[in-house]
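Student: predicted model and sequence below, questions to follow.
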2 protein chains.
Amino acid sequence: MVSTDPDALKTYGSSPNSYHPESPHSVVVHATSTEDVVKIVNVARKYRIPVVAYSGATSLEGHFSGEVPGSICLDLSGMDKIIDINEADGDLTCQSGARWEDINQALKDQGIPLFFPLDPGPGATIGGMIGTGCSGTNAVRYGTARAEWFLNVTVVLPNGRVIKTRRRARKSSAGIDTTKLFIGAEGTLGIVTEATLRLAPVVPTKVAMAQFPDVGHAVSAVQEILNTPHGPHIQCVELLDDHMMAAINAAGLVSKAYPVRDTLFFKLQGTPAAMKEAAGAVQKIVKAHGSDRFEFAQTDQEAAELWENRKYALTSTITSGGEDAKVWTTDVCVPVSKLPQLVYETKKDLAEANLRSTIVGHVGDGNFHALIIFKTDEELQRVSDAVHRLVHRAIAMDGTCTGEHGVGVGKKEYLVEELGVETVELMRTVKRAVDPLNIMNPTKLYPDPKDEDDKNSH
Amino acid sequence: MVSTDPDALKTYGSSPNSYHPESPHSVVVHATSTEDVVKIVNVARKYRIPVVAYSGATSLEGHFSGEVPGSICLDLSGMDKIIDINEADGDLTCQSGARWEDINQALKDQGIPLFFPLDPGPGATIGGMIGTGCSGTNAVRYGTARAEWFLNVTVVLPNGRVIKTRRRARKSSAGIDTTKLFIGAEGTLGIVTEATLRLAPVVPTKVAMAQFPDVGHAVSAVQEILNTPHGPHIQCVELLDDHMMAAINAAGLVSKAYPVRDTLFFKLQGTPAAMKEAAGAVQKIVKAHGSDRFEFAQTDQEAAELWENRKYALTSTITSGGEDAKVWTTDVCVPVSKLPQLVYETKKDLAEANLRSTIVGHVGDGNFHALIIFKTDEELQRVSDAVHRLVHRAIAMDGTCTGEHGVGVGKKEYLVEELGVETVELMRTVKRAVDPLNIMNPTKLYPDPKDEDDKNSH
């Protein structure tokens, strides 16, 4: 199916909550099979037309906008079938347009006690998760898309050939890891059409919260917990700063208001006895790090409500901004020990720029999102300037411009500063070799050579 | 330091327990810094001389032999320094010649409750572990070198430039994962000189064994255990077949003989209450799968002795072969559900070929090693033929020719059959782009084009 309706083209070229310059595509083509994708790629190669993969549309960095005139938006969202589940082997094969939430729901519906642990934003698809090298709240326990959750991927290469990167064995040392070549490549090396996912056993969880005098105390508590034998029982540990707690209270999405302080939300996992032990250890450690309030959800309903405080972070922040408020989401990540300093300096900087914001962080990984509120174009410019400063600050602390959202068009300019000219040139070398005609999502990810010249001006 | 002593050249070109054709290098150069490596690579590039990295010398697939006349053996084993330990962040930076066992000993000596969980063969170095994409007995719990244990690597590229692939943040979505490009590349894309490793908390362990009527029952028990909430408490689960148990008894390295049956050795991990729960669950499940003997080591000493049965698998097999016996170690890996069939067919085939062997398997990953005994050249030929048949059998079961030992020269010929011509061609495309002069460990890993022509004759 092909569409050139102007409204559709605009929709397919832009992403909600993303504020990079966006351009519509020239045509949207809906694929339902790997063979469809081969046909499109062959046409694109013949006429030198860019192909931009599209599925969940949850990108925040302009990954799928139609920057190059004439580009094809290749909609894979209809390729959402689960092809095969091997319960005993703990793996599942699906098309790349499948959403992680639907996959986990299907497993649950079939009574299979396994799940896929990567949990990026709601609505994200397997293809997009591979493309951005995503993670989410579970990463502190299960790692990211760059770990071993993808046993293999089926890819249509720029030359139109279809490859499957590996077989179904849980591990292999058979040479260069071509699966990993596509994880984080943002659709610039080929179009992923299928993947075999490794699954993990569902483990019971409990939710707790602990409040702290400041971020420094919260972070040092997390570091200590993670280095004990109880560390593996931490499935998630999320930091919500005082502003975020205020926003949650104000939004009224939960039944009781919390003290407005820097807060950790824990999701512990384990069998009952293990969790009891871990909970005791966590409580002791957070207390030693200055927490005077530690609360365990006593029932499933309480746990669900407590976790919703975390889940509604973005909604609450938008609501707290008042009518017409929008939110820019940042994504830096630093070594965990640098996190408090980065948060303090950033909050100070945002206050000085007269910008309101909240912070939610995957604190076990050193990754946090400042959700910065704006309404006017003038405010948007101030936000954009503050984000630049934040990224440079994070890179100076041995960190990265993007912990989990990817590069797209939004982070291209920082790669040379973060990784060095030669590492970026290695990325470009691979790109030129695999996609010599530059038809796969051009203008994304790889910095323009001029960024190198600008490097010293940062 | 440079050496051209013929005995040294021979030693540096061969590996104990590896029986591929081996050739000496023309010169051995000992590097002590990244700058040394840059100098060597620049000389190699200028004169078009192959450079072959060498450190732990534990390879079983001929990774570092001097196949091309005139090649330089670059000995990195002196680059074994730990550069930096960040206990709070749980990471460590070292030179690539450092051995994993020395790193873990250094952490223990300093009272740091963390360890590096990849555990390939004794003596393996970080550089070799990266090159082969290694794993080991801990992989069922911690994954392999292809997971996220390497936060970054410092590499001397074929063009002589030095890159660091990433900064020290625990995660990053900043584009193509260039760290992963070097994991499993077997020194064909650059020479890794330093790496930042992520560490895991030390968790108490307990050792147990369970004996089964056959491999099928043992494997189905493991599959069920791994899919329960107790699965994450399995740090290792190793299969030793009846022949291996007989060899262990015969070698007399342990104080008591065990019944000669297919046996699982478990290493459980967790805090005391968690482990007690997990042990109960494991015992119940193995019993339901036909195990009539389950034994828990009651003391640390008992645990150490029980685990030694596993540790001495190779030694016991060599000893059981009698005077002058040698052992060829295979390395296929298949989806776990296929393992029993593969083991049965292989044991039958080896018996028909009149070859003696034992089996030890990382059964949670579907990876096993048949240790095949031989003495004469005629027997070696029969072993080699049997290994060919085993690899084809594993590939036909959706498996791989190498679970953890890598390709080297020994597995090149199987890659096209396993991965398809186009996936292999993608590997070669990357190789040609990064190392256009083919100076980095040439003749290893990438199949010769003639293998493609031979493909249909398999």
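Tutor: That came in fine, so what should we check first? Numbering: from 1, shown residues only, chains lettered A, B, ... in the order given.
Student: near chain B, which residues of the stretch 351-458 of chain A?
Tutor: Residues of the stretch 351-458 of chain A lying close to chain B (Cβ under 8 Å from any Cβ of the partner chain) are A:365-367, A:395, A:398-407, A:411, A:414-415, A:418-420, A:422-423, A:426-427, A:429-434, A:445-446. In short, each C-beta sits where N, CA and C put it, glycine included.
Student: just the buried ones from the residues you listed?
Tutor: A:365-367, A:395, A:398-407, A:411, A:414-415, A:418-420, A:422-423, A:426-427, A:429-431, A:433-434, A:445-446 (16 or more other Cβ atoms under 10 Å in any protein chain shown).
Student: tell me which of those residues fall in strands.
Tutor: residue A:367 (DSSP state E).
Student: show me the contacts for residue A:140.
Tutor: A:226, A:234-237, A:362, A:364-365 (Cβ atoms under 8 Å, 6 or more residues apart in numbering or on different chains).
Student: helix/strand/coil for residue A:155?
Tutor: Following DSSP: H, G, I helix; E, B strand; the rest coil, we place residue A:155 in the strand state.
Student: tell me how many other residues crowd the closest residue to residue A:95 other than its chain neighbours.
Tutor: Excluding the flanking residues, the one nearest residue A:95 by Cβ to Cβ, 6 or more residues apart in numbering or on different chains is residue A:79, at 3.9 Å. Neighbours of residue A:79 under the rule other Cβ atoms under 10 Å in any protein chain shown: 24.
Student: so residue A:79 makes contact with residue A:53?
Tutor: No - Residue A:79 is not in contact with residue A:53 according to Cβ atoms under 8 Å; the separation is 10.5 Å.
Student: tell me the one of the contacts of residue A:140 nearest residue A:115?
Tutor: Ranked by distance to residue A:115 (Cβ to Cβ), the contacts of residue A:140 are led by residue A:235 at 11.3 Å.
Student: for my notes, confirm the closest one occurs in a strand.
Tutor: Yes - counting by three-state DSSP, one finds residue A:235 located in a strand.
Student: residues in contact with it?
Tutor: The contact partners of residue A:235, by Cβ under 8 Å, 6+ apart, come to A:138, A:140-142, A:203, A:205, A:267-269.
Student: looking at these, spot the one nearest chain B.
Tutor: residue A:203 (4.3 Å; Cβ to the nearest Cβ).
Student: tell me which element that closest one falls in.
Tutor: Taking DSSP states H and E as the definition, one finds residue A:203 inside no helix or strand.
Student: tally up the residues packed near it, please.
Tutor: 21.
Student: partners of the helix or strand residue A:83 falls within in the sheet?
Tutor: Assigning secondary structure by DSSP H and E places residue A:83 in strand A:82-86. Using DSSP bridges, strand A:82-86 pairs in its sheet with strand A:91-95 (antiparallel).
Student: residues contacting the partner strand, please?
Tutor: Contacts for strand A:91-95 (Cβ under 8 Å, 6+ apart): A:76, A:79-86, A:103, A:107, A:116, A:126, A:151, A:168, A:170, A:193-199, B:335.
Student: list the buried ones in it?
Tutor: Neighbour-count burial for strand A:91-95 [16+ other Cβ under 10 Å]: A:91-95.
Student: out of those, the closest to residue B:250 would be?
Tutor: When these are compared for distance to residue B:250 (Cβ to Cβ), residue A:91 wins out at 38.8 Å.
Student: how close does the closest one get to residue B:223?
Tutor: 12 Å (Cβ to Cβ, to the nearest Å).
Student: what's the answer for residue A:42, then?
Tutor: The value you get for residue A:42 to residue B:223, if Cβ to Cβ is used, is 42 Å.
Student: what does residue A:316 give?
Tutor: Residue A:316 is 43 Å from residue B:223, by Cβ to Cβ.
Student: repeat that for residue A:319.
Tutor: 47 Å.
Student: of those two, who's got more company?
Tutor: Taking neighbours as other Cβ under 10 Å, residue A:319 and residue B:223 compare with residue B:223 leading, 22 against 17.
Student: excluding its backbone neighbours, what's nearest that one?
Tutor: residue A:88 (4.7 Å).
Student: how about residue A:385?
Tutor: residue A:353 (7.3 Å).
Student: any idea how far chain B is from that neighbour?
Tutor: 25 Å (Cβ to the nearest Cβ, to the nearest Å).
Student: who's in contact with that residue?
Tutor: For residue A:353, the contacting residues are A:382, A:385-386, by Cβ under 8 Å, 6+ apart.
Student: give me the phi and psi for it.
Tutor: Residue A:353 adopts backbone torsions of phi -80, psi 10, taken as degrees, to the nearest 10.
Student: and residue A:279, by the same measure?
Tutor: phi -60, psi -40.
Student: in the stretch 301-450 of chain A, which spans are helices?
Tutor: A:313-320, A:339-352, A:377-396, A:415-419, A:421-434, A:449-454 (DSSP state H, counting those that start in this stretch).
Student: nearest to residue B:10 among the ones you listed would be which one?
Tutor: Between the helices of the stretch 301-450 of chain A, helix A:421-434 lies closest to residue B:10; by Cβ to Cβ that is 35.5 Å.
Student: show residues contacting the closest one.
Tutor: With Cβ under 8 Å, 6+ apart as the criterion, helix A:421-434 contacts A:157-158, A:181, A:188-190, A:415-416, A:438, A:445-447, A:452, A:455, B:157, B:161-165, B:175-176, B:178, B:181, B:426, B:429-430, B:432-434.
Student: can you check stretch A:160-167 too?
Tutor: By Cβ under 8 Å, 6+ apart, the list of residues contacting stretch A:160-167 from outside reads A:34, A:38, A:41-42, A:45, A:151-157, A:172, A:174, A:177-179, A:181-182, A:190, A:193-194, B:395, B:398-400, B:418-420, B:422-423, B:426.
Student: just the buried residues from the contacts of strand A:91-95, in ChimeraX please.
Tutor: Applying 16+ other Cβ under 10 Å to the contacts of strand A:91-95 leaves a buried subset, and the ChimeraX line that selects it is:
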select /A:76,79,80,82,85,86,103,107,116,126,151,168,170,193,194,195,196,197,198,199 /B:335
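Student: now intersect the contacts of strand A:91-95 with the helices, please.
Tutor: Among the contacts of strand A:91-95, the ones falling in helices (DSSP state H) are A:103, A:107, A:126.
Student: want to try a markdown table for the residues you listed, with pLDDT as columns?
Tutor: Shown next, in a markdown table, are the ones in helices among the contacts of strand A:91-95 (pLDDT from 0 to 100):
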| residue | pLDDT |
| --- | --- |
| A:103 | 98 |
| A:107 | 98 |
| A:126 | 98 |
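Student: which of those lies closest to residue A:261?
Tutor: residue A:103 (36.7 Å).
Student: do I have it right that residue A:399 meets residue A:338?
Tutor: Yes - if you go by Cβ under 8 Å, residue A:399 and residue A:338 touch, sitting 6.7 Å apart.
Student: so what sits against both of the two?
Tutor: residue A:366.
Student: hang on, the earlier thing: hey, which of the helices of the stretch 301-450 of chain A is tucked in deepest?
Tutor: helix A:415-419 (a mean of 24; mean count of other Cβ atoms under 10 Å in any protein chain shown).
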